[in-house]
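Trainee: my questions concern the predicted model and sequence given below.
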Amino acid sequence: MNLIAPAGLHRGAAEKLPDGAVCITLEWDEPLGGVGTDVFYVPAPGILYVDSTILMQGQTIKYRTIYNKQ
């Protein structure tokens, strides 16, 4: 993946994955430099999943946010 040119102290890119999901990746510099990735996909009509991963200072956190259309 090619990250786009710096905008301030961060870079980002978006791409459509083969399964139709959309992946947004951000990378930021020190202090507290790191990488964040959000993958957006619709597993069923009216439902949106966002799987997020943050890597910073050698530590990784992952979480899922679920949105339900009402």
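Mentor: Good, I have the coordinates.
Trainee: how far does the lowest-mean-pLDDT helix or strand in the chain sit from the chain's center?
Mentor: When each helix and strand of the chain is scored by mean pLDDT, DSSP states H and E, strand 10-16 comes last, with a mean of 93. Its chain's C-alpha centre and that of strand 10-16 lie 8 Å apart, by CA atoms, centre = their mean, to the nearest Å.
Trainee: give me the buried positions along that strand.
Mentor: By 16 or more other CB atoms under 10 Å, the buried positions in strand 10-16 come out as Arg11. (Glycine included, C-beta is placed from N, CA and C.)
Trainee: for it, name the packing helices and strands.
Mentor: strand 22-28 (3 or more CB pairs under 8 Å, 6 or more residues apart in numbering; DSSP states H and E).
Trainee: what's the mean pLDDT across the strand it packs on?
Mentor: The average of the pLDDT scores along strand 22-28 is 95.
Trainee: rewinding a little: quick check: angle from the least confident helix or strand of the chain to strand 22-28?
Mentor: Angle, strand 10-16 to strand 22-28, by axes from the mean of the first three to the mean of the last three CA atoms, to 10 degrees: 170 degrees.
Trainee: output the below-cut-off pLDDT ranges for this protein.
Mentor: Counting by pLDDT under 70, the chain has low-confidence residues at 1-8.
Trainee: change it to 90
Mentor: Within the chain, the stretches with pLDDT under 90 are 1-11, 28-33, 57, 70.
Trainee: which residues of it fall in helices?
Mentor: For the chain, helices defined by DSSP state H do not occur.
Trainee: tell me who's in contact with Asp51.
Mentor: Asp51 makes contacts with Asp38, Val39, Tyr41, Lys62, Tyr63, Arg64, as judged by CB atoms under 8 Å, 6 or more residues apart in numbering.
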